[in-house]
Every structure is written in structure tokens, then in C-alpha cells.
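In: Coordinates for the following, if possible.
(4 chains)
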Number of protein chains: 4
Amino acid sequence: MSKRVAVLTSGGDAPGMNACIRAIVIACERHGFTLFGYQHGYNGLLEQEYEILALQATHNLIQQGGTVLHSARCEPFKTDEGAKTAATNLTELEIDTLIVIGGDGSFRGADHLADFWHGQIIGIPGTIDNDVAGTDATIGYYTAIDTVVSSIDKVRDTADAFERIFIVEVMGRHAGFLALNSALASAADYVILPETFQHCDAELDKITEQIEKRRQLKGAISFIIVVAENVWPGGLNDLADKLVSKTQSEVRPVTLGHVQRGGSPVSQDRLLATKLGTYAVSLVGSDTNGIMVGELNGTPSEIALTETWEKDKPLNPSSMETMLTIMNERY
Amino acid sequence: MSKRVAVLTSGGDAPGMNACIRAIVIACERHGFTLFGYQHGYNGLLEQEYEILALQATHNLIQQGGTVLHSARCEPFKTDEGAKTAATNLTELEIDTLIVIGGDGSFRGADHLADFWHGQIIGIPGTIDNDVAGTDATIGYYTAIDTVVSSIDKVRDTADAFERIFIVEVMGRHAGFLALNSALASAADYVILPETFQHCDAELDKITEQIEKRRQLKGAISFIIVVAENVWPGGLNDLADKLVSKTQSEVRPVTLGHVQRGGSPVSQDRLLATKLGTYAVSLVGSDTNGIMVGELNGTPSEIALTETWEKDKPLNPSSMETMLTIMNERY
Amino acid sequence: MSKRVAVLTSGGDAPGMNACIRAIVIACERHGFTLFGYQHGYNGLLEQEYEILALQATHNLIQQGGTVLHSARCEPFKTDEGAKTAATNLTELEIDTLIVIGGDGSFRGADHLADFWHGQIIGIPGTIDNDVAGTDATIGYYTAIDTVVSSIDKVRDTADAFERIFIVEVMGRHAGFLALNSALASAADYVILPETFQHCDAELDKITEQIEKRRQLKGAISFIIVVAENVWPGGLNDLADKLVSKTQSEVRPVTLGHVQRGGSPVSQDRLLATKLGTYAVSLVGSDTNGIMVGELNGTPSEIALTETWEKDKPLNPSSMETMLTIMNERY
Amino acid sequence: MSKRVAVLTSGGDAPGMNACIRAIVIACERHGFTLFGYQHGYNGLLEQEYEILALQATHNLIQQGGTVLHSARCEPFKTDEGAKTAATNLTELEIDTLIVIGGDGSFRGADHLADFWHGQIIGIPGTIDNDVAGTDATIGYYTAIDTVVSSIDKVRDTADAFERIFIVEVMGRHAGFLALNSALASAADYVILPETFQHCDAELDKITEQIEKRRQLKGAISFIIVVAENVWPGGLNDLADKLVSKTQSEVRPVTLGHVQRGGSPVSQDRLLATKLGTYAVSLVGSDTNGIMVGELNGTPSEIALTETWEKDKPLNPSSMETMLTIMNERY
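Out: Numbers count the residues shown, from 1 in each chain, chains lettered A, B, ... in the order given. Okay, the predicted model is just below:
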């Protein structure tokens, strides 16, 4: 009955990955399982680079950003040869269950590994982008929203002082969760999302119209536009230039960048990470295989790894509705 | 079609009440409604103390704790006479819809008012305790968890430095949501909840046993116990005294107190408040009456005011399950 | 004896400007002075745009970033004609004392005004750059350091997770105070300062050498370089490219940008702002004129406005010494 | 030339102690010294409980509260016998220099040890109370102020919402630094300090008078009183009761307690700790002995250990002056 479990973190790091590792360590200890931590994502699997994770390793781990197991890209793992090596190494170590904490790219890797290794594979969603189907939120998403919101709170101080237009670029290149919800929570004035973007002129017209309306109502104003990265064809500076010429105003671009990935996880990420890590360990040794655990409607859930990237994950309808009512105005 | 809407905040203040007021102001403006803000909770209704809330009032309101409408207890309102006066005042001001932001006590008041005033009444849940049925979370709850968690993070520094036992008392006298989830998110070692507390000796035995096990495993340790206020019969100091004699260790009690009610709301409270305020205004003029709006499974919901206190609201099962697996050990 | 005092904020906004305004309002009220707040920096002087600031205006002002008096550039004020208009307006309003909160550019403006207006002028240093002689710190500097340090704390999470090199660009184009002290406080690995920069190759050699030494000692490492804006000739991307080719490593640039100017002021900025505002008002009506108030060695001080930009302000010697011992290694 | 250095932390923990240990480790490594870390304060000296501190131990140490060397009270060390044992152990380990990070109680211990051990002893001031002469600030003091101020910011939200009186008790039983400066920085309305307290009736009269004045000016108000612990004869509840009967208002007491000792150190504490640790190591092997290093006017300084508790350390005159002008009114 005593299982051998392995865990690794893969893809972009996200706050709460360590909290999840901590929960897995404690849960394994209470179930009497042995836990191996692979280092540097899938590279650790290829190099058989691991250590046994014991309770001592969890001290004050819950509040640390990043991942103590490290992460890294791993091109060789994507080949059949790489996956075979990984399978051999897992077999050699007699691993029963491999837990992968990461995003959809990491789950594609795990799915590919399953062609060559027949142990149990469980994914846990860890990415600030929240672009993984089968779970309401991903580990790291809540902290990233708070980081963006507190940055915009700061930017607004200057925007107000100078009555200027600011454009703030946030992460999430394929999914607007972070942009939409941080814009709502920071009382931004406009948001440009990958899901709703049509073409530049339409957005520019809407923005300009709202700025004009606001000015007629209140005189000089500040105006903050949140834009998801990679949505605007010419990039942030192109958007800024176009706004300058359309509004005859000073416009300042701000790229939040890598600070969005780090930081001590906020409570909601610590909770989600702790629940998902514990739940994943509860499935060790069961028939369930090739799935990602998540939380839907506050309840633990499972979804096939392949569905995590194949299934559509639409933006929260109530956030969209709220946004259209009080931020970007409907036309 | 142009409605006259009134809003008030009642009961203990909670972070995000102002974010909710802001959303109501903007949504009313976009719907073309006139919005009156009553001051000092139900006292404002009795004294006809109000002001018209316009867009200007919302500037930088989203990030402020407390409530710009103020709150206060109001004993006279609980009498029939008081409720009649309030009804007369609402009629005089030709109010179509009254929005009450508060907890279950505030909703009882609103329900009583409905005996004498036949306009539309909509409740919005605002309390750090999360003890209101019909919504997954209440406005203020997320911020309070973060405040507690960051306080326990600080206490742990000293607990670790001195390898001492600390007891931290958190708010939530009838409901353990705040205690349970802040304990999980702060990696506390034990939690005492109103929902599961049986008697002192049983809890003391479990705590002592876990401390002993931990010491055998790791030597000197720190140990943090979270306790919901009013659960332990003799209060925090009695619990501390009993632990001193049972464990022969130094024990330090910490009462977090009123800091838990304040602070700039975290993103999740700003989002919830903004959604619920917007949704409440979307119901103005509809047939829906005597209800509280909430969010269940990420979707706007409605529940009869009476059910908000009559229906049972159990602690999150997945938090309980996680807690029993990795914190308070099962026996 | 009852004086008429005016205050304005000018130049880049800095956290604590509002705390300073609050202190001036209260101190004026206690001295029985009337206080006028000019809007939009020197533009308010030209347009005679002002309001009387009373105690009510100070509520919860101490914790707000930005400036409620707004700021703006004002080219016309730099001309003799502009300064004459301002002088006329001040005379018309019978102002005895003008208090200017800003940086050295603002003080040049004030000095120019003194050619045309013979009332009392008092400067208060408010800028995150700390590049003003005559005071140990400027209002906003402490908060900016904390903002930078907490951003670097976040960046380090990812740097550690991926064992990567990050370059973080911080504000302070002519003075390295912010870069030096935030680098020390964030445990950065290297700092490039305007005061010590010589040429690109020398810096690149030193950085590369330290990275190599560290790798030999510890294997894969993270490495964080702080660089003051505008120091590196080709900009941040040029530095990143050169480091990639020299170290054969992945390098990620991060520009912190405008978030550094905003935010609720930390305690030390609130204290400094409160002291300097109070002290400035204590000088109203004295013979002291054309000076900036500051704090040197914990004691209120005065310096001629002209000296604030003419006098050299060297980087803190003890910070430099510490930096050379434990960060950038000596050779 | 290669010295053997030992370091320990003693007394109440303070944020920044770890940052100081980190600086000492790095500085010793660069000087080629061997560094021993004694555990549990002076207990480690008695039990010869230590480990060699190497560079690896410093990773991400700068931002951690508490002390990785642990701290503890140690009654036996106060006896001659205890001090002799410690001296023997230091001699056995061939320690050249002992660095003690702590408050005046810890320095008394170090001074007593010097009767029996003739190696070099250097103290570094680490305590949130700032009650050590010979340094402008002690390590931990800046973080504690920020913790208190952000707590009072939160309390004010509720105080404003309910227009209530709150009393906030802060640490610092013999010295009012923390109370005075946190009260100023949080815009508290009144502060009770050990240095200026005379008798209860006089303070109550002043408080009541100010509350009355404020109410006449503004109507209902909030009012926050900061009180240093152990100053008010009957304790916090007695002060609350007396205020209730004098003002006929609701009064709420808040004890901040142990959260004031913990937390990630703010930048100013990290800087101070890093500078003092580096400076202390620079003195290793010099003739200087029996001293504490500090920072006076931004410059490294030294003071005899005995003077750290014998010399008077008055409250910052400019803070006192500011307080009397804008907070507690003069009479």
C-alpha cells in the first residue's frame, strides 16, 4: 500500500506552487507515501535529478513565491526519445504516481509521456493566466490579479495628479482573465481583451468617445486603459502613439512585466494550492489516471489532461456583464 | 422609467462596502436612475438624513475600507414605530428601490421594514464573517482572511524564533469560515471552530498530542493555534493557561481584534462588490422583491431575505476535508 | 499677525505630498493662518486657480499617494512674463508666504519668481529621486525604495525558479540614490549607478566575472542587476543583448516605470512630510526667505533655494562602502 | 589573519535580524573569516550549540522576519558560573570575535561575559523598541512602525464608519519612540507616552477637551488614541472605561500585541541591518572591543556597551515638536 509519488513544477512559475508542494509533502507523509521532488521541470526527469521531500522541507514554504523545485523549459522532453528516457527513469525509481504542477503546455508534455509510461499521472493547474479548462481558477491567478491591481492603484496616483492617460499592459497573451478582472478591481476606465478585440480603429473610436464624454462631464480627467499583452497589433507604443494623435493628450505606457509572476501568494492562492495538492494525493493509487484536478464551484473536480487545452474556457460571464455595464460602455 | 434608488450600509463595516457603493452609483448613472445615499445605517432612514450620490463621489472609492455612508446600530428602527417612520420617509422621498448593504441583522431589519413599506428591497451581503446563506462569499470576507493570514505570518516569525506556542483569536463568533480558511492559508497547526468544538478536554488532548508528536519528530517547534472568538468557554486566557499546564511550554495569546474589519479591500472583494452592486441595480424596477443578491458558483443569484438567516450555511466541505488531512489530524 | 499662506505641488508627484499638505493645513489652522491651495503646479498661479484649504480637506489625506492639488508642467511660467503674472496674482490675493512642494526644477521656478515677487518663499523637497541637496531624504524617496524592493523580491522568485539573469531598471536619471539603496535592500547582485559608471566594457567584465565566480561556487544561479535609468548608453535592451552574448545565459529585462511614483506613502515618508510641512509653517512670517526646509541628521534645516541644485549631493558613503563590500565586489 | 567569528541573536526578535546575519555571512566570506552561528541566544554558548554559516545559508534570508539562529531567554547565563562556561566554550572553539545582535538586556549579558572572556565583543542593536543609546535607530524599529501604522489605517476605517473612539496599545514599555512616531505617521489624534505621562486625570482632561473641540467643529467624529503599553496605570480597559464615562461615547480598545515583532523587514531595516552587519565585520581584529556599532547621522558609529543602557536616549525632538503642533494640542 505504501506508494512512491513524484512531483515536479513546469512552465512559468506561479505564486502558490510552493504552497501546493507543501500540501503534497504533508499529505504524502500522513498517507505514508514516499515523495520524490524532481528538479527543473521535465529536465529533472531526463537527468534523474531528484531528492526525497520530507516534512522539514515544508517549513515556511506556504508563503514563498516561485518554486523550490525550480522550473525550466525542456525541448528534448518533447521528442519521443526524451519521453522514453523519462519513462525509463520513472520505472527505475519505481514511481507509482507523477504529479505535474503547471499550465497546459506542461500537461501536453505529461500526456505525451503517457504514451511511454503507464503509471498514474495527475496534473495540478499552476499558472497566473488562468487559461486552463476544468478549474475555475489556477494557482497563481489570484496573486497576479492583486499584483496588477496594486500596481494600477499606484499608477492612478500619478494619472490623477497629472490628469493623464495611462496604458497598462498585463500578462495573459491568449486569455483575458487577468486583464478583465484586474481592470474591474482597479477601477480602470477601459480594457482591451483578446476575446473581444476586433480591430484597432473600432477600439480607438470607443476609447476616444469615452474620454470625450468624461471630459465634458468632469473637465480634466485621468484615464487608465488596461491591455492584455500581444493583443494590440503594433504593441504598446503603437497604441500610445495613436491615442496621442486622436486625443491630443499626453499618454504614458506602463509594462508590468515579470513582477506579475512573483510574490508571496495571497490567501486564495494558498487555499487553492493546499486543497488541490491534498486532493491530488487522495487520488494516488486510485483508478483515476491522465487527469488534472481542479476546483469547480468550490468542489474538487477532475478533467482529462487533453481537455485542459482542447476545451474552451470563456471569460467569467458575470465579470463581462459587469464590465460592459460600468466600464467599457455598451453601444 | 427613471427610478429613484436609495442605498445604505448597516451593521459592522466590511472592506468592499465602498466598492459596492461605487458600482451602484455608476450603474445608476448609466441606467439614468437617481441615487440617494442614506447616512448612518437605518438611522439615516429615521432622520431622513441623505444626500444624492453622483459620479464625482466615486473617485478613488474602490480602494477605501470602511463606508463613506457610515454605519451605526439603530435600536429604534427595530420597533414598529421606527419602521413606520422609515416607511413614511421613503414614501416622501418617492424611493422606488432600497438597497441595503450589510449582514443578516441588517436583512432582518429590511424584512421588518417590508411590513410597512411596499417598495422594492434588495440586500447585498457585506460582512467579514461570511455567515449569510445564499452567497458563496460576502463582501469583506476575502480581505479579512488576508489580514488574518498576514498577521499570522508575522506571529510565526516570533513563534519560530522562540519555538513557542501562540494562540491567535480571530473574528466570526457564530461561523468558522474566517478561522478555518485563514488557518489553512497561514499554515497554522491547529484550529478550533464553533462548528466542530465539543468540549475543552477533547480539544486540549488533541492539541497536546499533536504537539508531542511534532516534538518527537523535530525537537523544539513552534505551534500556532487559531481559535474563533467566543468558542472557548473561558476565553483566550483560560485556553492559554490550560495549555501551559498541559504542555509545560510558554504560550502567548494574540487577539487580532478590530484590525480585521478594516483595510483597503483586496481584489476579490472589489470584484465581488462591483459585480453585486451592478447586478442589484440591474434588478431595479423588476418584479423581484425582498431578496438578497449573491454569487453562487460564479453566477449572480437571488435568495429571499428571510432565508439568508434561516438557511444553514455549512463550512466549505473541501476546506474541512483538507483541514482534517493536513492540519488537525484525524483520529 | 494672521498670515495668508499659499501652497502648491510641482514637478513629478511623490508619495507623501498629500501628507505634507495635510500637515500644512493643520499647522496653519492652529496658527490662525488662512491657507490657499493652488491647483496644477505653477499653472494655478498663472490662472489664479485656487481654493481655500480647511481642516475637512485633510481627512484620510495622509495615506493617499499623488497630490490632491494636482501637478503639471508649466512652460509659460519659466518666462519673465509668466513669473510677472504669477507675482501679480499673489499680490492680488495678498499672499504673505508661498510654499512650493517639489524638486529642484520647481525650486528654480520659485527662485525665478522671487525676481518679481517679494513675499516669502519656502520650498519643501518632494521627489522620489532624492537628488536635492540640503536634506538627507526627500518626500517620496522612502516609499519609492520600498516599491522597488518589493518588486525585486517578486522578480527574484522567478529568477530563482529559472536560475536566470534579470536586469531591473529603476528611476533616478541623474542620481543613484534609489538604485543603490534599493539594490542593497533587495539583495540584488550588482548595481549600475550614474555616479560610478565608466564605460560599458568595464561593467560587463565585472558582471561576467561575478556571475562566473558564483557559478563555480554554487552551480546554477539567479543573478539580479539593478540599473538606474539612462545610465546605460544603448538602453536596457542593449545591456540585455550584450549580457546574453557574454554569459550565454537567458537574460530578462524589467522596467519598473511609473509604479515607482505612486502608492500610499510608507511611515518614513509620512513622518518626513508631516515634520517638514509643520516646520515650514513655523517659519511663516519670519525673516527667512528663499529657502528650502529639509531634515539633516534628524534636525530641521534650511538651505538657500539656489543651493538645492548647485550643491553636490554625494551618495550615502556608508551605503557605498557596504555595497562595495558585499555586492559589487572590489578589485 | 583568518579570524574565527561567532554570532548570536538574543532577546526579543526583530525584523531585520536575518538581514544582519546575511550581511555578516557575506562580509566574513569576503574577508576570509570563518563564521559560527550560535543557536538560541546565550543558551547556544552554554550548550556549545552552533553551526558554521556559509554563503548558501543566506539565500533569500534578507526578507525573512524572525531569526534563523533562534532566540531565547537564558537565566543561567546571568550567573558567574554561566558566563564562565560560555567563556570556556568560546575559547575551546578559538573564537576571536563574538557578535551579539539584540537589545540592551543582551548587551548587559555580553558585558558580563567580558569579565571572563577576553576576546573581542561587538554588539549590534536589534529591537523594535529603539530604546538603545548610541544609534539613531535599531534594527526592527522601522518595520514595527509600518506594522503599527498599517494597523491603525485599518482601525480608522471602522472608527470613521461608526464615528467612534478607538484606543490602540503599541509596544515600547520604557520608550515612546514607536508610539510617538507611529501616531504621527498614522494621523492619530492623541498619543500617551511614557516620557510625558504625568497622571491620569490630566491626560483624560486633555483628551476630552480635544474631542469636544473637534465635535463642535465637525459634528460626529472618529478619534484615535495611541498609548504605549504599561503607561496607563490600570491598563487599556481602565482607560477605555474612564473615557466612556467622561465622553459618553463608545470606546473600543485594540491591543496590537505580538504582530508588531514580526514580518518581512521593510527596506530601511534591511539597509540598516546590512550596513551594521558589514561594519561590525570590518572591525573584526581591530583594537575596538566591548562596543556596540550603530548609525548616527547616517554614519557608522561605536559606543561602549555599558553606555547603551546608561546613556539617556530622548525622543526625537523634531517628532515631539511636530506632535505638539499638530496632534496633542499645546495648552
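In: all contacts plus neighbour counts: C-alpha atoms, from now on.
Out: Will do.
In: Break chain A into its domains for me.
Out: Split into domains by automatic domain parsing, chain A comes to A:4-140+A:265-310, A:142-261.
In: possible to save the ones you listed as JSON lines with mean neighbour count?
Out: Output for the domains of chain A, formatted as JSON lines (neighbours: other C-alpha atoms under 10 Å in any protein chain shown):
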{"stretch": "domain A:4-140+A:265-310", "mean neighbour count": "22"}
{"stretch": "domain A:142-261", "mean neighbour count": "20"}
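In: Just tell me which of those ends up closest to chain D.
Out: Nearest of those to chain D, taken as C-alpha to the nearest C-alpha: domain A:4-140+A:265-310 at 9.9 Å.
In: Wondering if the closest one reaches chain D at all.
Out: No - in terms of C-alpha under 8 Å from any C-alpha of the partner chain, no part of domain A:4-140+A:265-310 sits within range of chain D; the closest distance is 9.9 Å.
In: quick one, what contacts the residue lying closest to residue A:87 once chain neighbours are set aside?
Out: Residue nearest to residue A:87 in three dimensions, not counting chain neighbours: residue A:117, with 4.9 Å by C-alpha to C-alpha, 6 or more residues apart in numbering or on different chains. By C-alpha atoms under 8 Å, 6 or more residues apart in numbering or on different chains, the contact list for residue A:117 reads A:84, A:87, A:88, A:90, A:91.
In: Other residues contacting stretch A:93-100?
Out: A:3-10, A:106-107, A:110, A:119-124, A:280, A:284-285.
In: Can you give me the end-to-end span of that stretch?
Out: End-to-end distance of stretch A:93-100: 17 Å, with C-alpha to C-alpha, to the nearest Å as the criterion.
In: same deal with stretch A:156-172?
Out: Terminal-residue distance, stretch A:156-172 (C-alpha to C-alpha): 22 Å.
In: So is it next to chain B?
Out: No - interface with chain B: stretch A:156-172 contributes nothing (C-alpha under 8 Å from any C-alpha), its closest point being 8.8 Å away.
In: That stretch and chain C, any residue contact?
Out: Yes - judged by C-alpha under 8 Å from any C-alpha, stretch A:156-172 comes into contact with chain C at A:156, A:157, A:158, A:160, A:161, A:162, A:163.
In: pLDDT (mean, whole number) over that stretch?
Out: Throughout stretch A:156-172, pLDDT has a mean value of 94.
In: what about it, distance to the chain center?
Out: Offset of stretch A:156-172 from its chain centre (C-alpha atoms, centre = their mean, to the nearest Å): 23 Å.
In: before we move on, what about stretch A:311-319?
Out: Here the centre of mass of C-alpha atoms in stretch A:311-319, compared against the chain's by C-alpha atoms, centre = their mean, lies 15 Å away.
In: Quick one: residues in contact with that stretch.
Out: Stretch A:311-319 has contacts (C-alpha under 8 Å, 6+ apart) with A:131, A:132, A:133, A:176, A:177, A:180, A:181, A:184, B:275, B:298, B:299, B:300.
In: Residue numbers of chain A in contact with chain B?
Out: A:23, A:26-27, A:30, A:62-63, A:142, A:145-146, A:149, A:181-182, A:184-187, A:266-268, A:270-271, A:274-275, A:278-279, A:296-300, A:316-319, A:322, A:325-326.
In: check contacts around residue A:7.
Out: Residue A:7 makes contacts with A:21, A:35, A:36, A:37, A:38, A:98, A:99, A:100, A:101, as judged by C-alpha under 8 Å, 6+ apart.
In: thought residue A:292 was touching residue A:302?
Out: Yes - at 5.6 Å, residue A:292 counts as touching residue A:302 under the criterion of C-alpha atoms under 8 Å.
In: overlap in contacts of these two?
Out: Each of residue A:134 lies in contact with both residue A:292 and residue A:302 under the rule C-alpha under 8 Å, 6+ apart.
In: did I read that right, residue A:35 in a strand?
Out: Yes - remark: residue A:35 belongs to a strand, assigned using DSSP: H, G, I helix; E, B strand; the rest coil.
In: Check the residue nearest to it when sequence neighbours are not counted and give its pLDDT.
Out: The shortest distance from residue A:35 to any non-neighbouring residue, by C-alpha to C-alpha, 6+ apart, is to residue A:5 (4.8 Å). With respect to pLDDT, residue A:5 scores 98.
In: Run me through the strand neighbours of the host helix or strand of residue A:5, direction for each.
Out: In the assignment (DSSP states H and E), residue A:5 maps to strand A:4-9. Paired strands of strand A:4-9, with direction, are strand A:34-38 (parallel), strand A:97-102 (parallel) (DSSP bridges).
In: Format those as TSV; extra columns: mean pLDDT.
Out: What follows is the strands paired with strand A:4-9, written out as TSV (pLDDT from 0 to 100):
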stretch	mean pLDDT
strand A:34-38	98
strand A:97-102	98
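In: Which one of those lies nearest to residue A:253?
Out: Closest approach to residue A:253 among the strands paired with strand A:4-9 (C-alpha to C-alpha): strand A:97-102, 30.5 Å.
In: what's the distance between the closest one and the middle of its chain?
Out: 16 Å.
In: Where in chain A is the helix or strand with the lowest mean pLDDT?
Out: None of the helices or strands of chain A scores lower by mean pLDDT, DSSP states H and E than helix A:200-218, at a mean of 91.
In: can I get the CA coordinates of that one in PDB?
Out: In PDB, the C-alpha atoms belonging to helix A:200-218 read as follows (Å, rounded to 0.1, in the frame of the first residue of the first chain):
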ATOM      1  CA  CYS A 200      -7.700  48.900 -33.900                       C
ATOM      2  CA  ASP A 201      -9.900  51.700 -35.300                       C
ATOM      3  CA  ALA A 202     -13.000  50.400 -33.500                       C
ATOM      4  CA  GLU A 203     -11.200  50.300 -30.200                       C
ATOM      5  CA  LEU A 204      -9.700  53.700 -30.700                       C
ATOM      6  CA  ASP A 205     -13.000  55.200 -31.500                       C
ATOM      7  CA  LYS A 206     -14.600  53.800 -28.400                       C
ATOM      8  CA  ILE A 207     -11.800  54.900 -26.200                       C
ATOM      9  CA  THR A 208     -11.800  58.400 -27.600                       C
ATOM     10  CA  GLU A 209     -15.500  58.700 -27.300                       C
ATOM     11  CA  GLN A 210     -15.400  57.800 -23.700                       C
ATOM     12  CA  ILE A 211     -12.600  60.100 -22.900                       C
ATOM     13  CA  GLU A 212     -14.500  62.900 -24.600                       C
ATOM     14  CA  LYS A 213     -17.700  62.100 -22.700                       C
ATOM     15  CA  ARG A 214     -15.900  62.100 -19.400                       C
ATOM     16  CA  ARG A 215     -14.200  65.400 -20.100                       C
ATOM     17  CA  GLN A 216     -17.500  67.100 -20.900                       C
ATOM     18  CA  LEU A 217     -18.800  65.800 -17.600                       C
ATOM     19  CA  LYS A 218     -15.800  66.400 -15.300                       C
END
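In: Report the rounded mean pLDDT for the helix or strand residue A:107 falls within.
Out: Assessed by DSSP H and E, residue A:107 sits inside helix A:104-113. Mean per-residue pLDDT for helix A:104-113: 97.
In: Run through the neighbouring helices and strands of that helix.
Out: helix A:80-92, strand A:97-102, strand A:120-125, helix A:305-310 (3 or more C-alpha pairs under 8 Å, 6 or more residues apart in numbering or on different chains; DSSP states H and E).
In: Could you dump the ones you listed into CSV and include distance to residue B:67?
Out: CSV is the format used below for the helices and strands packed on helix A:104-113 (distance: least, C-alpha to C-alpha, whole Å):
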stretch, distance to residue B:67
helix A:80-92, 57
strand A:97-102, 40
strand A:120-125, 37
helix A:305-310, 42
